[in-house]
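> Quick one: sequence and predicted model below, then my questions.
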Amino acid sequence: MLPKSRIFSVLLLGLGVALVAAGVAAPAFLDFSPRLPLELKNTTWTLKDESADSQVVNKDGTSPYSGPMTYQINAGIQEPSDEDTATLRIGETRLRGDGQGLDDLSQAQVWTYPIDRLSGEAKAEASLSHTLASPEEKVAVDGYWLKFPADAEKTNYPVFDPTLRKAVDAVFEEETEIDGRTVYRYHQEIEPTNVAQLYAADGNTTSFPKEDGGHEPGYLMHSGSTDFYVDQATGLVVGMDMDIDDYYADREGVGREQAFVFNGSTSEKSRAALLDEAKSFPRNRVAEIARWAALGIGIVFTFIGVIGALGIYDHKNKHVRRRGKKSASEITSESAR
């Protein structure tokens, strides 16, 4: 029959292995990822181009504009929102110059839709408001936009493009570190696409004068590229490099007139504020502490159990008992003398 110490060691070994297994398997069953906070504070992406091209809408129609432009996206959370879902309200504006007043406004759109607070995926269609006194439109939001999945991976993600109103893959390019945070860069390339064939909207078509005095239709073509800088832990987009080339083309796709040409990057001020926002994302600290405690205690129990199961303690105890018996015989011998 095994000594009690050996039996206890085997039980301790089993408990230790169970704790280690629980600690290792915990992420598969428990959620340790940060959720999008319901109180966003610094979520404005500001990009500027000192020599952009755009169209100015006026009472006589449209006229070309060349000069400084600001492209800005602002996101906030509104009701209804809960533990798993947040209703996101995104304001998207194009402004001439520094965009200090309404007279500088070139285009404005507001998107409202619910997203998963962990993955960033849309949970329902978006309500899109883009023209005063016009009813809202319902638009399906594919993929991700300003929030990638938490614990972002080095893979491709479909990212929503508001001009196309559909997603285009953003390809992982590199890992970098910004202000102590791990940041992944994903590159999205958009080939020239006829927007008028995707949906009907103001600005998707125009007309070109013909040599014979008539007119022929023109179609908005959208193309360009965007680099998304994503905080790896939270999935929050903390910066963008945007190069957009939108133009009106004829039936053959030949460009005839510039619509929106913009090349800009998120300002350092915006990026710093967004990185600070990423740092504030809540994590399940109690669950994380419990997981690492289980791993630590399990490793200690396993180590002690292995030593005991191998009988190392028994050898030490036998050695102590021998020494005790020898001392007793010596005492008896001395008494006989």
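Cool, got the structure.

> C-alpha from now on. contacts and neighbour counts both.
Noted.

> Where does pLDDT dip in the stretch 51-200 of the chain?
Low-confidence segments of the stretch 51-200 of the chain, defined by pLDDT under 70: 57-61, 98-103, 132-133.

> ok, the most centrally placed residue in the chain - contacts?
Taking Cα atoms, centre = their mean as the criterion, residue 235 is the residue nearest the geometric centre of the chain, at 1.8 Å. With Cα atoms under 8 Å, 6 or more residues apart in numbering as the criterion, the residues that contact residue 235 are 119, 147, 148, 149, 150, 151, 152.

> where's the fifth one relative to residue 119, distance?
So that's residue 150. Here residue 150 is placed at a distance of 6 Å from residue 119 (Cα to Cα, to the nearest Å).

> Could you do the fourth one as well?
Summarising the geometry, the distance separating residue 149 from residue 119, computed by Cα to Cα, is 4 Å.

> Then the second one?
Going from residue 147 to residue 119 by Cα to Cα gives 7 Å.

> now the strands for the stretch 1-150 of the chain?
Along the stretch 1-150 of the chain, counting by DSSP state E, counting those that start in this stretch, strands occupy 44-58, 61-78, 85-96, 105-116, 126-129, 137-139.

> Reformat those strands into CSV and put distance to residue 222 next to each item.
Formatted as CSV, the strands of the stretch 1-150 of the chain follow (distance: least, Cα to Cα, whole Å):
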stretch, distance to residue 222
strand 44-58, 13
strand 61-78, 16
strand 85-96, 16
strand 105-116, 16
strand 126-129, 19
strand 137-139, 18
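
> which of those is buried the deepest?
Each of those was assessed for mean neighbour count using mean count of other Cα atoms under 10 Å. The highest is strand 85-96, with a mean of 22.

> in its sheet, what does that one sit against?
Strand partners for strand 85-96, identified by DSSP bridges, are recorded as strand 61-78 (antiparallel), strand 105-116 (antiparallel).

> Could you look up the SS state of residue 276?
Three states are possible here, and by DSSP: H, G, I helix; E, B strand; the rest coil the one that applies to residue 276 is helix.

> let me fix that: residue 175
Per three-state DSSP, the secondary structure class of residue 175 is strand.

> That one is in contact with residue 181, isn't it?
No. Because the distance of 10.5 Å does not satisfy Cα atoms under 8 Å, residue 175 is recorded as not touching residue 181.

> did I read that right, residue 302 in a strand?
No. Membership of residue 302 in a strand is not supported by three-state DSSP, which gives helix.

> mind checking pLDDT for it?
Turning to residue 302, the model gives it a pLDDT of 74.

> Would you mind measuring from it to residue 209?
Shown here: residue 302 relative to residue 209, a distance of 83 Å by Cα to Cα.

> Those two - which one has more neighbours?
Residue environment comparison for residue 302 versus residue 209 gives the larger neighbour count to residue 302, 24 against 10, counting by other Cα atoms under 10 Å.

> wouldn't that one be in contact with residue 17 here?
Yes. Applying Cα under 8 Å as the test, residue 302 and residue 17 come out as touching, 6.0 Å apart.

> and the gap between the closest residue to residue 177 other than its chain neighbours and residue 161?
Take residue 177 and drop its neighbours on the chain: the residue closest to it by Cα to Cα, 6 or more residues apart in numbering is residue 183, 5.6 Å away. Counting by Cα to Cα, the gap from residue 183 to residue 161 is 21 Å.

> Who has more neighbours out of those two?
Neighbour count, other Cα under 10 Å: between residue 183 and residue 161, residue 183 has more, with 26 against 19.

> just to revisit the earlier point, so for residue 265, which of the strands paired with strand 85-96 sits nearest?
With distances scored as Cα to Cα, the stretch of the strands paired with strand 85-96 nearest to residue 265 is strand 61-78 (9.5 Å).

> Measure how that closest one sits relative to strand 44-58, angle-wise.
Orientation check (axes from the mean of the first three to the mean of the last three Cα atoms, to 10 degrees): strand 61-78 against strand 44-58 gives 150 degrees.
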